[in-house]
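Chemist: My questions are about this predicted structure, shown below with the sequence.
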Protein chains: 2
Amino acid sequence: MGQFLSSLPEEGIVYFGDTARVPYGSKSKATVIRFGRETLHFLLQFNPKLIVVACNTISALALPVLRKESKVPVIGVLEPAVTKALKITKNNRIGVIGTAATIKSKAYPELIHQHRPKVSVLVRACPLFVPLVEENWLKDKVTERIAHFYLKKLEKKGIDTLILGCTHYPLLKNVIGKEMGKKVSLVDSAKEVLSESRRFLEERGVLQRPTTSLRHRFFFSDEVPNFRKISKQFLRRSFTARVVQINERTS
Amino acid sequence: MGQFLSSLPEEGIVYFGDTARVPYGSKSKATVIRFGRETLHFLLQFNPKLIVVACNTISALALPVLRKESKVPVIGVLEPAVTKALKITKNNRIGVIGTAATIKSKAYPELIHQHRPKVSVLVRACPLFVPLVEENWLKDKVTERIAHFYLKKLEKKGIDTLILGCTHYPLLKNVIGKEMGKKVSLVDSAKEVLSESRRFLEERGVLQRPTTSLRHRFFFSDEVPNFRKISKQFLRRSFTARVVQINERTS
């Protein structure tokens, strides 16, 4: 989120985090679509010019449905990550790691093959990475061992590019990088969607002019203790977290 | 659930698992109460004679609210676990492990002190245990290391009884037992609530007479792949999982 504000400093952001119902990564396609639609309709009330699905699981499972239902453009994290990976791979062997739901959806391999059919795509679900990040076990030996367990096969198969297909994973970049070795480039799907969002607004000439009276709004479905403090630390301004119950029976 | 059916073989069970919104252990009191109330009202439609809250987090955070709102008795897992722990401790030093929400609520120490004020209660949240169980890492060195990290202080403080204050934890009994040593007795909150439920129904003379035409119903808020197979394996009969959206806006 901090990266988002700094890469689009002209824009007012309306953020929604579904903290009452996360994590999504172990849930079914039907449920992820339902939750994604509810969030979409909540955000559409604010008349945004662009909706960014800053979550790989929703992007992988629900993007076509959300695009169909939205009156404004919807950008997911997969396309920018895939574009970047295809740009940097030299041996056309790309690895993708993500939640169980993202990997099961096959959305990454399908998208990669639409662009370049002959790429070898090797995938691996890493379900313990999200709880490890949430609990801040970012450097422990335990995390290294779990990373080794998840990644050893990808390593052996000689990929030169690895897509971090979950927005939590960049926080484990050190451990993942150490495990994969220096020859493998890591693609941060969260970072790529930022430049894509900026490019999208610029291309259409709808980027806001710089102003000093920007308003950002942060909504969550559950309480976020110390959000004022956290936002001050990460976003350099202190914001209020507002708790809302989005309509949970729209589908 | 298998234990439940075998310890109350006379009774028809209506089960609801909130698979679309779990885990609860990192969520706020307000949200856990909201989810608990929604489940309560869903179950009350079936006119049960008893409601068992087979989850420590809901029991710790929401039991008073649920009891107040329910027209039928509500049993939680804390009381039976505490009764058992007080029965077996010899040195009056009891440890309690649970989710972050359960530990933060202080419900276990408060209940123990209501019964016996002079007991030393040592608590520890073990937030990675639930994902480890969900991912079936029940015996790995990683799990042992995480257990050591969580439990080493409880160990040093000389407790002789440890309440496994989360229904997932008995699956880690071996790892936890190994870490704590043979002198520490483990109390399984899930097991204790079963005997308590049976005792409750017997005392009131409302235990069903044995019949061969029992009906059990299993509801979940998200799809449960292979439930027929899983239920055959664990419950010795194959059941159908029905997906329902409980009313998510009652509060």
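Modeler: Done, it's in. Not measured: the values here are computed from a predicted model.
Chemist: Please make it C-alpha for all contacts and neighbour counts, starting now.
Modeler: Will do.
Chemist: which element is the residue in the stretch 51-200 of chain A positioned nearest to chain B on?
Modeler: Distances between the stretch 51-200 of chain A and chain B by Cα to the nearest Cα are smallest at A:Val142, namely 5.5 Å. Under the criterion of DSSP states H and E, A:Val142 resides in helix A:141-156.
Chemist: can you give me the angle that helix makes with helix B:141-156?
Modeler: 180 degrees (axes from the mean of the first three to the mean of the last three Cα atoms, to 10 degrees).
Chemist: Okay, buried residues for helix A:141-156 please.
Modeler: Neighbour-count burial for helix A:141-156, counted by 16 or more other Cα atoms under 10 Å in any protein chain shown, picks out A:142-144, A:146-148, A:150-151, A:154-155.
Chemist: again, but for stretch A:1-10
Modeler: Buried residues in stretch A:1-10, counted by 16+ other Cα under 10 Å: A:4-5, A:8-10.
Chemist: do stretch A:125-139 as well
Modeler: Residues of stretch A:125-139 classed as buried: A:125-133, A:137-138 (neighbour count, 16+ other Cα under 10 Å).
Chemist: quick one on the thing from earlier: now do the next helix or strand after the helix holding A:Val142: distance to the chain's middle.
Modeler: Sequence order places strand A:161-165 as the next helix or strand after helix A:141-156, per DSSP H and E. Its chain's C-alpha centre and that of strand A:161-165 lie 12 Å apart, by Cα atoms, centre = their mean, to the nearest Å.
Chemist: Name the residues that touch strand A:161-165?
Modeler: Strand A:161-165 has contacts (Cα atoms under 8 Å, 6 or more residues apart in numbering or on different chains) with A:56, A:78, A:81-82, A:85, A:88-89, A:93-99, A:102, A:170, A:184-189.
Chemist: if we go to 6 Å?
Modeler: Identification of contacts with strand A:161-165 by Cα atoms under 6 Å, 6 or more residues apart in numbering or on different chains yields A:89, A:94-98, A:184-188.
Chemist: Among those, which pair sits farthest apart?
Modeler: Pairwise distances across those peak at 18.9 Å for A:Thr89 and A:Gly98 (criterion: Cα to Cα).
Chemist: So which of those two has more stuff around it?
Modeler: Neighbour count, other Cα atoms under 10 Å in any protein chain shown: between A:Thr89 and A:Gly98, A:Gly98 has more, with 26 against 17.
Chemist: out of everything not next to it in sequence, what's closest to A:Tyr15?
Modeler: Distances taken as Cα to Cα, 6 or more residues apart in numbering or on different chains place A:Phe218 nearest to A:Tyr15, at 4.8 Å, with adjacent residues excluded.
Chemist: Surely that neighbour is in a strand?
Modeler: Yes: membership of A:Phe218 in a strand is supported by DSSP: H, G, I helix; E, B strand; the rest coil.
Chemist: For chain A, which residue gets nearest to chain B?
Modeler: Counting by Cα to the nearest Cα, chain A gets nearest chain B through A:Arg21, at 4.7 Å.
Chemist: tell me the SS of that residue?
Modeler: Applying three-state DSSP: A:Arg21 is coil.
Chemist: what's the nearest residue to A:His168 if we skip its chain neighbours?
Modeler: Nearest residue to A:His168 in three dimensions, chain neighbours excluded: A:Val130, at 6.1 Å (Cα to Cα, 6+ apart).
Chemist: Need the per-residue pLDDT for that neighbour.
Modeler: pLDDT recorded at A:Val130 is 97.
Chemist: what do you get for A:Thr250?
Modeler: Listed pLDDT for A:Thr250 reads 44.
Chemist: CA-only coordinates of the helix or strand harbouring A:Thr31 in PDB, if you can.
Modeler: Using DSSP H and E, A:Thr31 sits within helix A:29-44. What follows is helix A:29-44, C-alpha atoms only, in PDB (Å, rounded to 0.1, in the frame of the first residue of the first chain):
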ATOM      1  CA  LYS A  29     -13.500 -20.500  -6.600                       C
ATOM      2  CA  ALA A  30     -17.200 -19.900  -5.900                       C
ATOM      3  CA  THR A  31     -16.400 -18.200  -2.600                       C
ATOM      4  CA  VAL A  32     -13.500 -16.100  -3.900                       C
ATOM      5  CA  ILE A  33     -15.800 -14.900  -6.700                       C
ATOM      6  CA  ARG A  34     -18.500 -14.100  -4.200                       C
ATOM      7  CA  PHE A  35     -16.200 -12.100  -2.000                       C
ATOM      8  CA  GLY A  36     -14.600 -10.400  -4.900                       C
ATOM      9  CA  ARG A  37     -17.900  -9.300  -6.300                       C
ATOM     10  CA  GLU A  38     -19.000  -7.900  -2.900                       C
ATOM     11  CA  THR A  39     -15.800  -5.900  -2.700                       C
ATOM     12  CA  LEU A  40     -16.200  -4.700  -6.300                       C
ATOM     13  CA  HIS A  41     -19.600  -3.400  -5.600                       C
ATOM     14  CA  PHE A  42     -18.500  -1.800  -2.400                       C
ATOM     15  CA  LEU A  43     -15.700   0.100  -4.200                       C
ATOM     16  CA  LEU A  44     -17.900   1.000  -7.200                       C
END
